[in-house]
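Participant: what follows is a predicted structure for the sequence shown.
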Amino acid sequence: MNILAIETSCDETAVSIIGTSIEVPIEASIVTIQSNIISSQVELHAQWGGVVPNLAAREHTKNIIPVLTEALETARTTKDDMDLIAVTHAPGLIPALLSGVSVAKSLAYAWHKPLMGVHHIEGHIYANWIEQKKDILFPALALVVSGGHTQLVLMANHCQYEIVGQTQDDAVGEAFDKVARILGLGYPGGPIISQRAKIFEQTKKENNITLPQPMKNSGDYNFSFSGIKTAALYLVKDYRKENNLPDDADLPQDFIDAVAHAFQTATVEILTKKTLGATETYNVQSVLLAGGVSANTQLREKLQQEIETNFSDVQFFAPKMEYCLDNAAMIGAAAHYRYNTISQKEKDNLANGWKTVEAKANLQM
Ligand code: KG4
Ligand code: ZN
């Protein structure tokens with residue numbers, strides 16, 4: 001089965017062609033990425049310090065057909081070989097989602113192909129199944145960390161999701177981006193904060209800056225990140241006052257590195273503590289990392305190390321680096337697993353996808 005997948009929920013225009021072998025049981029199936037084309041708008045939005053929805057939609061509309069053409073050419077295939085079209089239909093920025101959904105619906109109608117709407121977070125979770133060992137055992141726990149989400153998702157089996165904890169305010173990726181802005185670093189903040197934290201580790205031994213770890217011991221699996229961000233803001237304000245540094249003057253590199261390190265450490269500590277707690281409570285067999293912040297090396301390493309130390313029978317998985325950030329291959333992978341878990345009637349209904357798939361800004365999995 002060949003799937004053409006489209007992702008435009010935020011600031012990447014992405015199309016991927018994936019080939020899947022349908023096996024029984026589904027665990028034995030193989031997902032092969034034939035092409036994975038991503039056109040990033042990061043530079044455009046960087047000048048505004050964040051994603052501007054209408055600008056994102058305009059760029060998606062400009063880039064989607066060239067990206068689609070490149071995806072088909074790279075995979076050396078044509079529309080005739082496609083068995084299913086999958087598109088991210090929720091959640092995300094409505095103007096951005098609508099551009100991908102409109103193109104997907106038009107293609108499905110014109111090419112007479114079934115169309116499936118895929119939840120963006122489901123895609124991030126299924127990035128773990130791309131080009132990796134397939135023995136991810138259930139029940140599994142996914143720590144979803146992206147620019148819009150921070151959730152602990154319990155999966156009893158493929159495509160079954162129960163949210164057991166989530167952020168009460170900012171998403172963790174959003175907090176990385178906001179702290180980066182406070183420090184005068186660019187957008188997106190995650191990769192820059194993580195580089196600065198690494199520089200700190202390589203040059204210094206101890207950090208005399210610490211940041212709070214809100215809700216770390218709240219006894220549930222919920223999160224809060226806005227307090228750390230505010231604490232970082234006051235650290236910077238106090239530093240400027242003590243050093244007579246005007247608001248528009250650059251902060252010294254050493255101070256930036258120390259705050260970045262303190263912020264990343266506090267964040268990783270909270271995420272790890274909550275994930276370990278839920279791993280024990282729900283007695284899971286696998287822990288998966290998902291979403292853009294899963295590209296954070298400190299988080300990947302710390303979580304893996306803690307799982308291995310504390311749970312000898314639990315396996316840890318993180319997506320390959322190229323599938324951590326928004327891409328369409330993960331949307332295709334999620335579509336493959338969903339297709340193989342739905343009834344024949346539901347499969348038949350996908351023929352009406354050009355009529356029924358709807359873009360939704362907010363939708364729980
Ligand atoms: O999943 P994603 O690409 O888009 C959403 O679905 O939101 O995640 C983007 C988020 C941004 O907030 C970005 O700063 C963060 O992921 N991010 C990182 C890293 N790379 C990207 N955060 C921490 N460390 C990184 N290396
Ligand atoms: Zn994402």
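Facilitator: Here it is on my side, so go on. Ligands and ions are numbered 1, 2, ... in the order given.
Participant: OK, contacts around the residue nearest to residue 50 when sequence neighbours are not counted?
Facilitator: Excluding the flanking residues, the one nearest residue 50 by CB to CB, 6 or more residues apart in numbering is residue 187, at 6.1 Å. (Glycine included, C-beta is placed from N, CA and C.) Residue 187 makes contact with 42, 45-46, 49-50, 177, 180-181 under the criterion CB atoms under 8 Å, 6 or more residues apart in numbering.
Participant: can you say which of the residues you listed are buried?
Facilitator: Using 16 or more other CB atoms under 10 Å as the burial test, the contacts of residue 187 include 45, 177, 180-181 as buried.
Participant: beta partners of residue 154?
Facilitator: residue 141, residue 162 (DSSP bridges).
Participant: mind checking how far it is from residue 334?
Facilitator: 17 Å (CB to CB, to the nearest Å).
Participant: more neighbours, the two?
Facilitator: Per other CB atoms under 10 Å, whichever of residue 154 and residue 334 has more neighbours is residue 334, with 28 against 20.
Participant: kindly state the pLDDT recorded for the more buried one?
Facilitator: pLDDT, residue 334: 97.
Participant: in which helix or strand does it reside?
Facilitator: Counting by DSSP states H and E, the element that carries residue 334 is helix 329-339.
Participant: pick out the residue of the stretch 101-250 of the chain closest to ligand 2.
Facilitator: When distances are taken as CB to the ion, the stretch 101-250 of the chain reaches nearest to ligand 2 at residue 146, 4.5 Å away.
Participant: neighbours around that residue, how many?
Facilitator: That count, for residue 146 with other CB under 10 Å as the rule, works out to 24.
Participant: per-residue pLDDT, it?
Facilitator: According to the predicted model, the pLDDT of residue 146 comes to 97.
Participant: so what's it up against?
Facilitator: Residue 146 neighbours (CB under 8 Å, 6+ apart): 121, 124, 171-173, 290-293.
Participant: and these near ligand 1, which?
Facilitator: For ligand 1, the contacts drawn from the contacts of residue 146 by CB under 6 Å from any ligand atom are 173, 291-293.
Participant: rewinding a little: would the residue nearest to residue 50 count as being in a strand?
Facilitator: No. According to DSSP: H, G, I helix; E, B strand; the rest coil, residue 187 belongs to no strand; its state is coil.
Participant: rewinding a little: nearest to ligand 1, of the buried ones among the contacts of residue 187?
Facilitator: residue 177 (4.8 Å; CB to the nearest ligand atom).
Participant: is stretch 90-101 positioned near ligand 1?
Facilitator: No. Counting by CB under 6 Å from any ligand atom, ligand 1 has no neighbours in stretch 90-101; the shortest distance is 7.5 Å.
Participant: show me the contact partners of that stretch.
Facilitator: The contact list for stretch 90-101 (CB under 8 Å, 6+ apart) reads 6-11, 13, 51, 53-54, 56-57, 60-61, 64, 87-89, 117, 119-121, 148, 357-363.
Participant: put the alpha carbons of it into PDB.
Facilitator: Output of stretch 90-101 as PDB, limited to C-alpha atoms (Å, rounded to 0.1, in the frame of the first residue of the first chain):
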ATOM      1  CA  ALA A  90      -6.100  18.800  13.500                       C
ATOM      2  CA  PRO A  91      -5.000  20.500  15.700                       C
ATOM      3  CA  GLY A  92      -3.000  23.500  14.600                       C
ATOM      4  CA  LEU A  93      -3.400  27.000  13.200                       C
ATOM      5  CA  ILE A  94      -6.600  27.000  11.200                       C
ATOM      6  CA  PRO A  95      -5.300  29.000   8.200                       C
ATOM      7  CA  ALA A  96      -2.300  26.700   8.000                       C
ATOM      8  CA  LEU A  97      -4.400  23.500   8.400                       C
ATOM      9  CA  LEU A  98      -6.900  24.600   5.800                       C
ATOM     10  CA  SER A  99      -4.300  25.000   3.100                       C
ATOM     11  CA  GLY A 100      -3.200  21.400   3.400                       C
ATOM     12  CA  VAL A 101      -6.700  20.000   3.900                       C
END
